[in-house]
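Participant: give the three-dimensional model of this entry:
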Amino acid sequence: MMHTYEQADELVQQHHQSASRTPFRVRTITAFLQLSTVPDGWETEVAAAGAFLAAAKQHLEGLGYEVQTIRIATQPFPQFLTGHNTTDTANPNHGSNPDSKQLQHVRQQRETTSAARSSLIVSNALRLEALAAKHGIPLVSIGSSDDPADLAVIPDIIAATAATSCSYALPPEPDVHLFCEVATAIMEIAARTGGMGNFRFASASNVPPGVPYFPVACSGPGLHRSIALGTESDALLYEAFAAAVATAVAAGASDHTAADGSSGVGQRNSSSNSCSSNRQGSNVLLAAEKQLAAALLRHLAPLEAAAKELELLSAALVAVTDAATDPQPDTGVSPVEGRLHQDSNMSATTLTTHSTQQQQMAPSSNELSKLQQPGSGGFTYLGLDTSIAPGLDTPALTSSYELLLQGFDQRLSGVGHGQPGLSNEKPFLGDRQAGVNKQLSGLTKRFGGPGSLSVSALITKVLKGVPLKKTGYCGLMLAVCEDQGLAAAAAAGSISISQLLQYSAVCGCGLDTVPVPGPAIGGTYDHKQQHRPHQQQWQQLQADSSPQ
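Facilitator: Predicted coordinates:
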């Protein structure tokens, strides 16, 4: 379908009212590529991505967005870094759950070539990272692998590179032997990089291609030359929850005022006030859901419009190249120059914001030409990952939770009614109520206390329901080492891995940057010694649960 400049203009009109400063950041503009198995062909694609990403970043910044990074993500690295495209049939993990004998057999088969293969993978990873840096792309993801043999080379990749990420795709069925191999790779990365390299590796399960966030970002079939955006929007979460609490409190005060001011129903005032208080917890969650949904749509819809705008311009400039091959009358101006002149005039009306808070210069012909890519056409917009990702200088995720949970502080008798996960306790009656409520109050207001699971589920529900073009996780990232509040809670022992696992059942992103005891920096990791007790426990558990 051919897009027109009129369509582009309609999209731009949707975000002319964007403020010069937004209450969130664009953490990443990620371009997805499918690279050739021949390294000499990589630079054309990397250069095209670098030029497009630079123009996209400049455009979004001109609209008032802060863009933190631009990145590229490739298909799974065994498909191109080895010099040939590996097939799933060569992977013992494909279609079955390998046992330890199968894994050992695979290692023996590949023993003679593994060193050379590993060296080639690392060498090509370094080459790709250097090409990306040459063309202004500071971060690279080389996708994932689901081949157990690659768990030996992944630590080499992370240790040798400085800005390259990758992941290991876990099988759907649990396998303790494979899990131990993954854990060994994680520990070896920690020992060789002082722990910092672990931010560039993840073990992932059920993560599809098209996630813009690292380290799991990976391209796939049909995603070549597509882009996705990821944001850092925890400030929006805090803003929405603050508004929700204010709304619920105001509604509660209004209910009390109406009940106290009613005539002829004095005997019912006490009951009316009690019911009003009991509804307050539910009102807070309902208000939070509405406020968050409205805030995300209000702020992310203009960002999506800007991204679609880039796609339209990229497609239009591909047409410019096609027009250059058509016969044209000799006017002294090349067809490309003539069309670019028209495009720059179009941009003066299409891309210039008329808000008094923003002054946007129209892109020059040279800037527009950066969107034109050689070879296989322009870049398409894949979607927006609506995930709530934490920042280091924004309100902590824990503060957003605790702000919302304060809505239950005044009258805990309403907690739990119709809200699974908030509390399993019935309303307290009699003289003991005040004392018990005071004890529960401190727990309820703290992240990790009653209500945290429901708040996590509420956030995820809203993120997945935003009516925009979405890709990636679209979930809640409880990244412990990337959020000051979560890190402090973990250090204080107020949250545990068990709790985070419980929240991951509803947040859609799993365990994320959870600190665990690691090996000595620069030392070695004896995985056999470390894993033997766990393997014995698992084998005993399997034996106990086996039918007699």
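Participant: C-terminal to the one helix or strand residue 178 maps to, what's the next element?
Facilitator: For residue 178, the host element (DSSP states H and E) is helix 176-193. Note on helix 176-193: by DSSP H and E, the next helix or strand toward the C-terminus is strand 201-204.
Participant: who are the packing partners of that next one?
Facilitator: Packed against strand 201-204 by the contact rule (3 or more CB pairs under 8 Å, 6 or more residues apart in numbering; DSSP states H and E) you find strand 164-169, helix 176-193. C-betas here are computed from N, CA, C, even on glycine.
Participant: recalculate using a threshold of 6 Å.
Facilitator: Strand 201-204 sits against strand 164-169, with contacts defined as 3 or more CB pairs under 6 Å, 6 or more residues apart in numbering; DSSP states H and E.
Participant: paired strands for the strand it packs on, with orientation please.
Facilitator: strand 139-145 (parallel), strand 201-204 (parallel) (DSSP bridges).
Participant: dump the helix holding residue 178 to PDB, restricted to CA.
Facilitator: Extracted as PDB, the C-alpha positions of helix 176-193 are listed here (Å, rounded to 0.1, in the frame of the first residue of the first chain):
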ATOM      1  CA  VAL A 176      17.700 -29.000  35.600                       C
ATOM      2  CA  HIS A 177      20.900 -30.100  33.700                       C
ATOM      3  CA  LEU A 178      20.400 -27.400  31.100                       C
ATOM      4  CA  PHE A 179      19.500 -24.800  33.800                       C
ATOM      5  CA  CYS A 180      22.800 -25.600  35.600                       C
ATOM      6  CA  GLU A 181      24.700 -25.000  32.300                       C
ATOM      7  CA  VAL A 182      23.000 -21.600  31.900                       C
ATOM      8  CA  ALA A 183      23.800 -20.800  35.600                       C
ATOM      9  CA  THR A 184      27.400 -21.700  34.900                       C
ATOM     10  CA  ALA A 185      27.500 -19.300  32.000                       C
ATOM     11  CA  ILE A 186      26.000 -16.500  34.200                       C
ATOM     12  CA  MET A 187      28.600 -17.100  36.900                       C
ATOM     13  CA  GLU A 188      31.500 -17.200  34.500                       C
ATOM     14  CA  ILE A 189      30.400 -13.900  33.000                       C
ATOM     15  CA  ALA A 190      30.300 -12.400  36.500                       C
ATOM     16  CA  ALA A 191      33.800 -13.700  37.300                       C
ATOM     17  CA  ARG A 192      35.300 -12.400  34.100                       C
ATOM     18  CA  THR A 193      33.500  -9.000  34.000                       C
END
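Participant: tell me what that helix is packed against?
Facilitator: Against helix 176-193 (3+ CB pairs under 6 Å, 6+ apart) you get helix 154-160, helix 527-545.
Participant: these: lowest mean pLDDT?
Facilitator: The minimum mean pLDDT among the helices and strands packed on helix 176-193 belongs to helix 527-545 (a mean of 51).
Participant: circling back to that earlier point, JSON lines for the strands paired with strand 164-169, including mean pLDDT and mean neighbour count?
Facilitator: Compiled in JSON lines, those are given as follows (pLDDT from 0 to 100; neighbours: other CB atoms under 10 Å):
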{"stretch": "strand 139-145", "mean pLDDT": "97", "mean neighbour count": "26"}
{"stretch": "strand 201-204", "mean pLDDT": "94", "mean neighbour count": "22"}
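Participant: out of those strands, nearest to residue 131?
Facilitator: Residue 131 sits nearest to strand 139-145 of all the strands paired with strand 164-169, at 8.9 Å, using CB to CB.
Participant: contacting residues around that closest one?
Facilitator: The contact list for strand 139-145 (CB atoms under 6 Å, 6 or more residues apart in numbering) reads 69, 71-78, 129, 132, 163-167, 169, 214, 217-218.
Participant: which stretches of the stretch 201-350 of the chain form helices?
Facilitator: 234-260, 269-278, 280-324, 335-350 (DSSP state H, counting those that start in this stretch).
Participant: just the buried ones from the contacts of strand 139-145?
Facilitator: 69, 71-78, 129, 132, 164-167, 169, 214, 217-218 (16 or more other CB atoms under 10 Å).
Participant: which regions of the stretch 301-450 of the chain sit below the pLDDT cut-off?
Facilitator: Low-confidence segments of the stretch 301-450 of the chain, defined by pLDDT under 70: 317-376, 407-445.
Participant: ditto for the stretch 151-300 of the chain
Facilitator: 251-282.
Participant: repeat the analysis, applying 90 as the threshold.
Facilitator: 172-174, 206, 234, 244-287 (pLDDT under 90).
Participant: over to the stretch 1-150 of the chain?
Facilitator: In the stretch 1-150 of the chain (pLDDT under 90), the answer is 1-24, 82-117.
Participant: same thing but at 70, please
Facilitator: 1-22, 84-113.
Participant: residue ranges for the helices of it, please.
Facilitator: Taking DSSP H, counting those that start in this stretch as the criterion, the stretch 1-150 of the chain carries its helices at 5-13, 42-62, 100-109, 111-134.
Participant: OK, contacts around residue 455?
Facilitator: Residue 455 touches residue 401, counting by CB under 6 Å, 6+ apart.
Participant: for residue 490, give me the pLDDT.
Facilitator: 87.
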